[in-house]
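[1] One predicted model, sequence on top.
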Amino acid sequence: YTSNGFKSTLWNDWTLFPDATLSYTITPMHILQLNVSSDKTYPSYWDITPQASPINSYSVILGNPSLKPYRSYSGQLLYILKQKYTILAFCDYVPDYFAQLPYQNTLELKNVFRYENMDYQLQFGMGVIVPFRVGEFWNSQVTLLGLRMQEKLDHFHDVSFHNEKYTGQFKMDNTFTLSKSRPNLKLDLNGYFVTGAVQGIYDLGYLYDVSSALKWQFTDDRATLILKCNNIFRSNMPHTMEINQSGQYSRLWKLDDQRCVTVSFVWKFGGYKKKQHEAVDASRFGKSM
């Protein structure tokens, strides 16, 4: 990074990124599976651009040219019962994880929002996935997760934090077959609920989301007309966003304006037949094909 003629190296490291899947079939009704994966996430251009974007007289967003990418390592141990029900234990470790965090400017009365690298983020927990069906009308899948979140940063503008929280997640995806033929109508109704979370020095409250989609398939299922509504109750933002850290206390309300209704049309082109070609004459090579 070059600033005012001075050059500095922001990061220079060498890291392994393993990916592996191991499965052991005790019987067809009992399967164990171990998944290990890794990845690297880079910040966006605007997050590292050294510019200030005022929010109001007392708040500003700053870019962070020193922001570096973070690595993520995930492990899952799954037990699959009857090739249908899943019990899992998982752990995610993310060194150098970054998120936008606020801090008080020491030179003026201003709250500064900037993306910062943390020492690490750690999450581990257990969960269960249960699919079920009620006749030909209702097809559903329920996911329950319980986990512990932890985020740590030793040097954060003259303060430090090491926050942790136990949280639960509930998710349910449903498909209702309203009519199978003429018309072929299906209704998707999906939702989730999260009891809370932490993000750096933020303590985030609960949130939930409900979305739905009505699908009409016609012309031998080649055409699909979809009416979809996301975030029906405008509730997929945390109910509260509070900071109570090292003598700083604040509460942030954010206007949720992400609800939308969309209409889409999908056409599947069918009837393609591969052209027949004459066999290649390879007799001149002394063999046939």
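    That came through, no problem.
[2] Please count neighbours and contacts with C-alpha atoms only from this point.
    Fine.
[3] for R234, what are its contacts?
    R234 makes contact with D209, D256, D257, Q258, R259 under the criterion Cα atoms under 8 Å, 6 or more residues apart in numbering.
[4] top of these by neighbour count?
    In terms of neighbours by other Cα atoms under 10 Å, the contacts of R234 top out with D209 at 18 neighbours.
[5] Tell me who's in contact with that residue.
    Applying Cα under 8 Å, 6+ apart, the residues contacting D209 are G191, Y192, F193, N231, I232, F233, R234, S235, N236.
[6] Kindly provide the whole-number mean pLDDT of stretch 245-255.
    Stretch 245-255 comes out with an average pLDDT of 80.
[7] mind putting the contacts of D209 in JSON lines, secondary structure included?
    Formatted as JSON lines, the contacts of D209 follow (DSSP: H, G, I helix; E, B strand; the rest coil):
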{"residue": "G191", "secondary structure": "strand"}
{"residue": "Y192", "secondary structure": "strand"}
{"residue": "F193", "secondary structure": "strand"}
{"residue": "N231", "secondary structure": "coil"}
{"residue": "I232", "secondary structure": "coil"}
{"residue": "F233", "secondary structure": "coil"}
{"residue": "R234", "secondary structure": "coil"}
{"residue": "S235", "secondary structure": "coil"}
{"residue": "N236", "secondary structure": "coil"}
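[8] Can I get the residues you listed in a markdown table including pLDDT and distance to W14?
    Shown next, in a markdown table, are these (pLDDT from 0 to 100; distance: Cα to Cα, whole Å):
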| residue | pLDDT | distance to W14 |
| --- | --- | --- |
| G191 | 97 | 41 |
| Y192 | 97 | 38 |
| F193 | 97 | 39 |
| N231 | 93 | 41 |
| I232 | 93 | 45 |
| F233 | 92 | 46 |
| R234 | 89 | 43 |
| S235 | 90 | 41 |
| N236 | 89 | 38 |
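[9] beta partners of N244?
    Y249 (DSSP bridges).
[10] Now do it against L252, distance only.
    N244 sits 12 Å away from L252, taking Cα to Cα, to the nearest Å as the criterion.
[11] pretty sure I55 is in a strand, no?
    Yes - counting by three-state DSSP, I55 falls inside a strand.
[12] Now do the contacts for it.
    I61.
[13] Where does pLDDT dip in the stretch 151-289 of the chain?
    Applying pLDDT under 70 to the stretch 151-289 of the chain flags the ranges 271-273, 277-289.
[14] what about 80?
    The stretch 151-289 of the chain contains residues with pLDDT under 80 at 181-182, 246-248, 254-257, 270-289.
[15] about what we covered before: nearest to G63, of the contacts of R234?
    D256 (23.7 Å; Cα to Cα).
[16] so the closest one touches S235, yeah?
    Yes - look at D256 against S235 with Cα atoms under 8 Å: they come within range, at 7.5 Å.
[17] still on that earlier bit, can you lay out the contacts of R234 as TSV showing secondary structure and distance to I87?
    Below are the contacts of R234 laid out as TSV (DSSP: H, G, I helix; E, B strand; the rest coil; distance: Cα to Cα, whole Å):
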residue	secondary structure	distance to I87
D209	strand	24
D256	coil	34
D257	coil	36
Q258	coil	33
R259	coil	33
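[18] Specify the beta-bridge partners of V36.
    Beta bridges link V36 to A20, G75, judged by DSSP bridges.
[19] quick one: pLDDT of it?
    97.
[20] and I61, how many neighbours?
    If we define neighbours as other Cα under 10 Å, then I61 has 20 of them.
[21] how about it, what does it touch?
    A52, S53, P54, I55, V112, F113, R114.
[22] likewise A52?
    So A52 contacts V60, I61, L62, G63 (Cα under 8 Å, 6+ apart).
[23] can I get the CA coordinates of the one helix or strand H162 maps to in PDB?
    Using DSSP states H and E, H162 maps to strand 159-179. Only the C-alpha atoms of strand 159-179 are listed here, as PDB (Å, rounded to 0.1, in the frame of the first residue of the first chain):
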ATOM      1  CA  VAL A 159     -10.300  -0.700  23.800                       C
ATOM      2  CA  SER A 160     -10.700  -4.400  23.300                       C
ATOM      3  CA  PHE A 161     -13.600  -6.800  23.200                       C
ATOM      4  CA  HIS A 162     -14.300 -10.500  23.600                       C
ATOM      5  CA  ASN A 163     -18.000 -11.100  23.200                       C
ATOM      6  CA  GLU A 164     -19.900 -14.300  23.100                       C
ATOM      7  CA  LYS A 165     -23.500 -15.400  22.900                       C
ATOM      8  CA  TYR A 166     -25.600 -18.600  22.800                       C
ATOM      9  CA  THR A 167     -28.200 -18.400  20.100                       C
ATOM     10  CA  GLY A 168     -30.800 -20.600  18.400                       C
ATOM     11  CA  GLN A 169     -32.100 -20.800  14.900                       C
ATOM     12  CA  PHE A 170     -35.300 -22.200  13.500                       C
ATOM     13  CA  LYS A 171     -36.000 -22.600   9.800                       C
ATOM     14  CA  MET A 172     -38.900 -24.200   8.000                       C
ATOM     15  CA  ASP A 173     -39.400 -24.600   4.200                       C
ATOM     16  CA  ASN A 174     -42.800 -25.600   2.900                       C
ATOM     17  CA  THR A 175     -44.200 -26.500  -0.500                       C
ATOM     18  CA  PHE A 176     -48.000 -26.900  -0.800                       C
ATOM     19  CA  THR A 177     -49.300 -28.500  -3.900                       C
ATOM     20  CA  LEU A 178     -52.600 -26.700  -4.500                       C
ATOM     21  CA  SER A 179     -53.300 -28.500  -7.800                       C
END
